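In: the sequence and its predicted three-dimensional model are supplied below.
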Amino acid sequence: MASRTRSWSWAANTCRQVAIRSASSAASIPSTSSSSSWDSLRRRGSLARLLQHPNPEQLLTTAFAVLHQLPVSARADRRRLAHAAAGNPHALDAGTELAALVLAEAATARADAGASTSAREAWDRLGVDLDTFTGGLLTLGVHPTGWHIPPGQPNVLIPWVLHRAVWPAPWHSENRWVFLTENPSVAAAALNGVPGTVRLLCTVGTPSRTELDAIARLAAAGWRIAVRADFDCAGLALVRAVLATVPQAAVWRMTAADYTTSLHPAPFEPGVLDADCLGETPWDPALAAAMRASGRPAYEEALIEELLADLRRAYPSWRCEGSGHS
């Protein structure tokens with residue numbers, strides 16, 4: 001035990017020394033490797049993994065070289081950043097010790113980096129794009145200005161496009177609602193079950209900062225956003241992220257009553273909610289309380305018929321706006 005404690009102490013001291021040598025002049029990540037910060041890394045297992053690396057000092061030096069080259073105002077591609085700092089474009093891929101250490105140090109040095117809930121979001125907050133040509137938003141009936149898409153044709157707007165997208169304003173007499181969901185199954189059901197024009201965006205998981213900014217610009221162009229997601233930690237985080245970016249957005253069928261309706265009566269291997277990551281649901285405080293009491297997630301697919309009915313009306317009939325319901 002004493003030997004392990006000395007090893008952790010050595011790692012923390014080495015971290016501080018390398019931080020001072022390699023990152024003290026980095027504008028985007030200040031060197032704040034305090035004892036409490038590295039104690040946190042030790043508790044999460046980061047220092048234990050570091051000690052198992054065949055060349056821990058080189059790993060640390062390279063990690064702070066990455067931090068030193070993080071963009072200050074523009075954005076960087078993760079592969080190019082990895083090649084510039086480590087000589088290998090895959091050195092910062094998911095699951096590598098280098099990527100884990102860079103994100104851990106960023107979390108100790110920047111409050112906003114530490115607020116991330118996924119590696120993708122953590123990189124995004126640091127100004128690093130994982131890939132500008134994959135992912136993005138799945139869209140139905142919503143396209144940037146100048147695009148001509150056949151009616152009913154789904155499309156994927158990749159991050160590169162979203163970063164530059166300019167949205168058209170709605171016509172004077174046009175319905176202004178755009179529906180935003182988490183899962184592509186809702187979009188697939190809308191394609192097959194809703195005649196006429198459907199305006200739907202699907203994040204296909206946790207939205208990146210680029211996607212959120214594009215949604216904010218869509219709202220600024222005059223469209224009204226109705227957002228919903230799964231009843232789980234990631235789904236609630238998605239809704240909160242959209243509301244933080246577009247405060248005037250409406251929360252669509254995400255009340256405690258909707259959650260109770262969505263619960264399957266006898267699921268196979270039912271999931272378990274992590275109460276610590278749920279957070280609050282200010283649009284309907286009873287929702288978070290109901291989810292904690294139940295301890296089970298529920299999913300968008302359970303409300304498909306209700307969602308399709310709203311899409312046919314082009315109006316989110318059950319929604320929460322601000323502190324009230326309408």
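Out: Sure, I can see it.

In: list the residues that contact residue 151.
Out: By CB atoms under 8 Å, 6 or more residues apart in numbering, the contact set of residue 151 is 141, 197. From N, CA and C alone the C-beta is placed, and that goes for glycine too.

In: now swap in residue 260 and tell me
Out: Here residue 260 is in contact with residue 290 (CB under 8 Å, 6+ apart).

In: mind checking pLDDT for it?
Out: Confidence at residue 260, expressed as pLDDT, is 97.

In: could you report the neighbour count for residue 259?
Out: 24 (other CB atoms under 10 Å).

In: I meant residue 95, not that one.
Out: 7.

In: give the contact list for it.
Out: No contacts exist for residue 95 under CB under 8 Å, 6+ apart.

In: low-confidence ranges in the stretch 1-150 of the chain?
Out: 1-47, 49, 109-117 (pLDDT under 70).

In: got the residue ranges for the strands in it?
Out: 76-77, 128-129, 137-140 (DSSP state E, counting those that start in this stretch).

In: which ones are touching the closest residue to residue 175 other than its chain neighbours?
Out: The spatially closest residue to residue 175, leaving aside those adjacent along the chain, is residue 314, at 4.7 Å (CB to CB, 6 or more residues apart in numbering). Residue 314 is in contact with 175, 177, 197-199, counting by CB under 8 Å, 6+ apart.

In: with residue 244 as the reference, measure out to residue 314.
Out: 26 Å (CB to CB, to the nearest Å).

In: mind saving the C-alpha coords of stretch 307-317 as CSV?
Out: As requested, C-alpha coordinates have been extracted for stretch 307-317 and formatted as CSV (Å, rounded to 0.1, in the frame of the first residue of the first chain):
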residue,chain,number,x,y,z
LEU,A,307,-46.0,11.8,-31.7
LEU,A,308,-47.3,10.9,-35.1
ALA,A,309,-50.6,12.5,-34.3
ASP,A,310,-48.9,15.7,-33.3
LEU,A,311,-46.8,15.6,-36.5
ARG,A,312,-49.9,15.2,-38.6
ARG,A,313,-51.4,18.3,-36.9
ALA,A,314,-48.0,20.0,-37.3
TYR,A,315,-48.5,21.2,-33.7
PRO,A,316,-47.1,19.9,-30.4
SER,A,317,-50.4,19.5,-28.6
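
In: any idea how far residue 287 is from residue 278?
Out: 10 Å.

In: neighbour count winner among the two?
Out: Higher neighbour count among residue 278 and residue 287: residue 287, with 25 against 18, using other CB under 10 Å.

In: I'd say the more buried one and residue 256 touch.
Out: Yes: counting by CB atoms under 8 Å, a contact exists between residue 287 and residue 256, whose distance comes to 4.5 Å.

In: and for the residue nearest to residue 302 when sequence neighbours are not counted, the neighbour number?
Out: Excluding the flanking residues, the one nearest residue 302 by CB to CB, 6+ apart is residue 262, at 3.9 Å. By other CB under 10 Å, 20 other residues sit near residue 262.

In: hang on, residue 105 packs against residue 63?
Out: Yes: if you go by CB under 8 Å, residue 105 and residue 63 touch, sitting 6.4 Å apart.

In: just the helices in the stretch 101-250 of the chain please.
Out: Using DSSP state H, counting those that start in this stretch, the helices assigned to the stretch 101-250 of the chain run over residues 111-114, 119-125, 159-164, 184-193, 209-220, 233-245.

In: can I get those in a markdown table with mean neighbour count?
Out: Converted to a markdown table, these look like this (neighbours: other CB atoms under 10 Å):
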| stretch | mean neighbour count |
| --- | --- |
| helix 111-114 | 14 |
| helix 119-125 | 20 |
| helix 159-164 | 17 |
| helix 184-193 | 16 |
| helix 209-220 | 20 |
| helix 233-245 | 20 |
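
In: any idea which of these gets closest to residue 56?
Out: helix 119-125 (21.6 Å; CB to CB).

In: show me what that closest one is packed up against.
Out: helix 97-109, helix 111-114, helix 209-220 (3 or more CB pairs under 8 Å, 6 or more residues apart in numbering; DSSP states H and E).

In: just to revisit the earlier point, how about a markdown table for the helices of the stretch 101-250 of the chain, with distance to residue 99 added?
Out: Putting the helices of the stretch 101-250 of the chain into a markdown table (distance: least, CB to CB, whole Å) gives the following:
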| stretch | distance to residue 99 |
| --- | --- |
| helix 111-114 | 13 |
| helix 119-125 | 7 |
| helix 159-164 | 19 |
| helix 184-193 | 27 |
| helix 209-220 | 18 |
| helix 233-245 | 21 |
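
In: pick out the shakiest of those helices, pLDDT-wise.
Out: It's helix 111-114: among the helices of the stretch 101-250 of the chain, that one has the lowest mean pLDDT, namely a mean of 48.
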